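Engineer: I would like to see how this sequence folds:
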Amino acid sequence: MTPTRAARPRLAVLVTLLVALTAAVLTPGRASAASLQEVTGFGSNPGALRMFRYVPDGLPAGRPVVVALHGCTQNAAGYGTGSGWLQLADRWKFSVVLPQQQSANNLSSCFNWFQTGDIARGQGEAASIAQMVDRQLADTSGDASRVQVTGLSAGGGMTAVMMAAYPEKFAAGGIVAGLPYGCAQAAGSPYVCMYVGATQSARQWGDRVRAARPGYTGPWPTLVAFQGTADYTVKPVNMTDLTRQWTDAHGTDQTADVSDTVAGFPHQVYRDSSGRGVVETYSLTGMGHGQPVDPGTGAEQCGTAGAYLLDVNLCAAHRMGRAWGLG
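Structural biologist: The predicted structure follows:
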C-alpha cells in the first residue's frame with residue numbers, strides 16, 4: 001500500500017464505521033470453501049487486495065469465470081460459500097475469483113466503491129480486480145467472453161465499477177443491494193448515495209458509465225439487480241438508478257418489456273432493440289439488507305442463511321447464473 005492510500009480522507013473512515021454497524025463477519029459454512037486457494041503475484045496490485053479462487057475438480061478448459069465481491073466486514077470464503085457461488089461452481093462447472101479487501105485499505109473491509117482513486121480504470125482496487133481476472137483466465141484457460149462479476153452491498157458498488165471501467169472484460173454483472181457507478185460523486189457523499197440517492201437523469205447516469213471508458217464502442221455488460229424493499233442501509237432508489245444507468249448505456253428505454261413475478265417477487269426485464277434482455281431486476285418485497293438465498297439441494301436452490309444472507313426462498317446466485325447461461 002502506498003503512502004497516499006494510507007492517508008485516507010476522514011470521510012472514508014466515517015463511512016466504513018457507519019457501514020460496519022450494519023454488517024457481520026461471515027465464516028465458511030461448507031466444505032467446498034476449504035478448497036479455496038490464495039493466489040499471489042497476480043500483477044502490480046495497486047489496490048493492495050488479496051486474491052482467492054475456487055476451481056472445481058476436473059474443470060475443463062474454456063469454462064466461464066465468475067468474480068464474486070463480498071460486502072463490508074465479510075471475507076472471500078464466507079461470501080463465496082454463503083451466497084451459493086461455490087455450490088453452483090461445482091454444479092455447473094465454472095471457476096470463481098474471490099477478491100478480498102484488507103483492513104489496511106478500509107477499516108471495515110469494504111471495497112472502496114466511493115473512492116475516486118479506486119474506481120477509475122487502471123487505478124487502485126479496480127485495476128487489482130482486473131488483474132485477477134487476467135490471471136484466472138490464463139491459469140484455467142477460461143473463456144474470456146464469459147466472465148461475469150457480482151457482489152453484495154459495497155461489493156455490489158464495486159461490481160458497477162468493474163462493469164463501467166472494464167466493460168471489455170465482463171459479459172454481465174450482478175448487483176445485490178448495490179449502487180450505481182459514480183453515485184458517491186454524483187450525490188456529493190456516500191451517505192447521500194446510500195440513503196437518498198443522487199439526482200441524475202438516465203442520460204447523466206449513462207454518461208458516467210461512458211466517461212469511465214472513453215472511446216469504448218464494444219457492448220456493455222448486461223445487468224441483473226436485486227434489492228430488498230425494506231433495505232435501510234442501501235435504499236431501493238439505488239436499484240432504480242442502476243436501471244436508469246444501464247438501460248441508458250445500452251441505448252434502450254426506461255419501460256420494462258417484461259413485468260411478472262418470480263417466487264412471488266416483482267421481476268422486470270428491459271430489452272434492447274434486438275430483443276436481448278440487457279437489464280433485469282428483482283424487487284424482494286419485505287427483505288432487508290443482504291443477499292437472497294434459498295438453502296437446500298433442489299435444482300434452483302443454493303446458499304446458506306446467515307447474517308446478511310437472507311433466506312427468502314430465492315437464490316440470487318442461481319437466478320444470475322441462469323440469466324448468464326452458466327447452467
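Engineer: quick check: pLDDT value at Gly157.
Structural biologist: On the pLDDT scale, Gly157 is placed at 98.
Engineer: over to Arg5?
Structural biologist: For Arg5, the predicted pLDDT is 47.
Engineer: which residues does the helix or strand containing Ala186 contact?
Structural biologist: In the assignment (DSSP states H and E), Ala186 maps to helix 183-187. With contact meaning Cβ atoms under 8 Å, 6 or more residues apart in numbering, helix 183-187 is reached by 113-114, 116, 157, 180, 190, 193, 196-200, 204-205, 208, 238, 241. For the C-beta atoms, the positions are set from N, CA and C on the backbone; glycine is no exception.
Engineer: in PyMOL, select just the buried ones from the residues you listed.
Structural biologist: In PyMOL, a selection of the buried entries from these looks like this (16 or more other Cβ atoms under 10 Å):
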select buried, resi 113+114+157+180+190+193+197+198+200+205+208+238+241
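Engineer: look up how far Thr304 lies from Cys315.
Structural biologist: Here the criterion is Cβ to Cβ, to the nearest Å. By it, Cys315 lies 10 Å from Thr304.
Engineer: have a look at these two and say which one is more surrounded.
Structural biologist: Taking other Cβ atoms under 10 Å, Cys315 and Thr304 do not tie; Cys315 has more neighbours (26 against 18).
Engineer: wait, the more buried one touches Pro292, no?
Structural biologist: Yes. With contact defined as Cβ atoms under 8 Å, Cys315 counts as touching Pro292 (6.6 Å).
Engineer: which neighbours do these two have in common?
Structural biologist: Gly303.
Engineer: pLDDT weak spots in this protein?
Structural biologist: 1-34 (pLDDT under 70).
Engineer: remind me, longest helix of it?
Structural biologist: Counting residues, the longest helix found in the chain (DSSP state H) is helix 124-140.
Engineer: packing partners of it?
Structural biologist: Contacting helix 124-140 under the criterion 3 or more Cβ pairs under 8 Å, 6 or more residues apart in numbering; DSSP states H and E are the following elements: strand 37-39, strand 50-54, strand 65-69, strand 95-100, helix 116-119, strand 147-152, helix 154-165.
Engineer: with distance to Met132 added, can I get these in JSON lines?
Structural biologist: Converted to JSON lines, those look like this (distance: least, Cβ to Cβ, whole Å):
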{"stretch": "strand 37-39", "distance to Met132": "8"}
{"stretch": "strand 50-54", "distance to Met132": "5"}
{"stretch": "strand 65-69", "distance to Met132": "7"}
{"stretch": "strand 95-100", "distance to Met132": "5"}
{"stretch": "helix 116-119", "distance to Met132": "15"}
{"stretch": "strand 147-152", "distance to Met132": "10"}
{"stretch": "helix 154-165", "distance to Met132": "10"}
